[in-house]
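# just need the structure, nothing else, for what follows:
(one chain, ligands or ions: 1)
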Amino acid sequence: MRIENDVKLDFSDVLIRPKRSTLTSRKNVNLIRSFTFMHSARSWTGVPVAASNMDTTGTFEMARALSTHQMITALHKHYSIEDLEGFFAEFDEPDYVAYSLGIRDEDFGKLSVVLDAGLGEKFNFIVLDVPNAYLERFIVKVEELRALCPDHTIIAGNCVTNEITEEILLRGADIVKVGIGSGSACTTRRMTGVGYPQLSAIIECSDAAHGISNPATGVGLVMSDGGAVYPADAAKAFCGGTDFLMSGLFFSGFNQSGGDLVENGDGKFKEYYGMSSHTAMKNHYGGVAKHRASEGREVLLPYKGDVHDFIDELFGSLRSTATYIGALKLKEFSKRATFLLVNNQLNRSLEKYE
Ligand code: 5GP
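Predicted coordinates:
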């Protein structure tokens, strides 16, 4: 047994120190970033925020909405080939949509059919997603996916430490997805005791990723996944060094989100559930397999209306942070950031969402 004594931080453990700023208006803050990915060698321009590949957020409706803001939607992996063909017949924004898969043989089999059907040109991103990227089998699958899709930008994870971040990048991913146990609909920390405070995971993994480069293209990148509850958390994630931010909670409860709308005496609500919750397991696999426990939960969120309004609010908050810290662009957030350690400065209880 070993104990690591340095304190690891979550979004709620810090505030961002204000700094001298030459900005005259929030309107001048640029939230668009451009990257060239180290393996795919593709160039991309957009707002580096993505909706999670969950039933409730990785929907076709979300992709249509977010693409108009140059944001990415990672489609959930349960759409059928026919569903995908129907959607992609109309939707032609490959820079703002990701195809998702797991590491099962069926997942790779379905991807081959999708590619054979000519749909590979319709999405530039592929998310290879497992709860635990520390499995040797996952690392092998990263290599396999890179061989199968040399020109796609591969996002792979999830992990929370530097050594696996480096390994995943070296084996063929362009972007490493960072976060274990941080999701709002996730119960991994309660069920297994495993996890890593999200802000420290971002700081450590982005430092590792940015140290790996392909001189002809670019450096390794990270995507913080989960744990952002407030718009301020997005700002803190970018200040911590994440290149992309993925969120489920941000994009749930809207017209464009999946999940049933529930109306009762208390008002209107929308379902949000983890992908390993009983609800997801029942919908997709007929129930939770006997040898595993559910590590996700179901939440009823107040119905939030149209996602475009939230995006305006998110962009407004990021622009305001930029003004406080004197950053002209999103790219400058991590250079301008000084974090102050504080204790539990916000009441972050998720009870209000339940
Ligand atoms: P949120 O934005 O709600 O805090 O987190 C979303 C992220 O939680 C997803 O992108 C995914 O990585 C993770 N996640 C989704 N469903 C589950 C689940 O059932 N269990 C666990 N452990 N994580 C989940």
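# from here on, just use CA atoms for contacts and neighbour counts.
Fine.
# which stretches of this structure aren't confidently modelled?
Within the chain, the stretches falling below the threshold (pLDDT under 70) are 344-354.
# what about the most centrally placed residue in it, distance to the ligand?
Nearest to the mean C-alpha position of the chain, by CA atoms, centre = their mean, lies residue 246 at 2.0 Å. Residue 246 sits 6 Å away from the ligand when distances are taken as CA to the nearest ligand atom, to the nearest Å.
# next one: the lengthiest helix in the chain to chain centre, how far?
Criterion DSSP state H: the longest helix present in the chain is helix 307-325. Its chain's average C-alpha position is 18 Å from that of helix 307-325, according to CA atoms, centre = their mean, to the nearest Å.
# so that it lines up with my notes, have the first residue be 24 from now on.
Fine by me, first position is 24 from now on; the one you just mentioned is helix 330-348.
# check which helices and strands it sits against.
Under the contact criterion of 3 or more CA pairs under 8 Å, 6 or more residues apart in numbering; DSSP states H and E, helix 330-348 touches helix 83-90, helix 254-263, helix 356-359.
# name the residues that touch that helix?
Residues outside helix 330-348 that contact it (CA atoms under 8 Å, 6 or more residues apart in numbering): 40-44, 46, 48-50, 52-54, 88-89, 254-255, 257-258, 274, 277-279, 351-353, 356, 359-360.
# could you give me the buried positions within it?
330-331, 333-334, 337-348 (16 or more other CA atoms under 10 Å).
# please apply the same query to stretch 122-130.
122-126.
# quick one on the thing from earlier: thought residue 252 was touching the residue nearest to the centre of the chain, still the case?
No. Under the criterion of CA atoms under 8 Å, residue 269 is not in contact with residue 252, lying 11.7 Å apart.
# what about the helices in this protein?
83-90, 104-113, 128-139, 159-171, 185-193, 211-215, 221-233, 254-263, 301-308, 330-348, 356-359.
# measure how the third one sits relative to helix 159-171, angle-wise.
Just to be clear, that refers to helix 128-139. Interaxial angle of helix 128-139 relative to helix 159-171 (axes from the mean of the first three to the mean of the last three CA atoms, to 10 degrees): 10 degrees.
# what's helix 128-139 in contact with?
So helix 128-139 is contacted by 104, 124-125, 143 (CA under 8 Å, 6+ apart).
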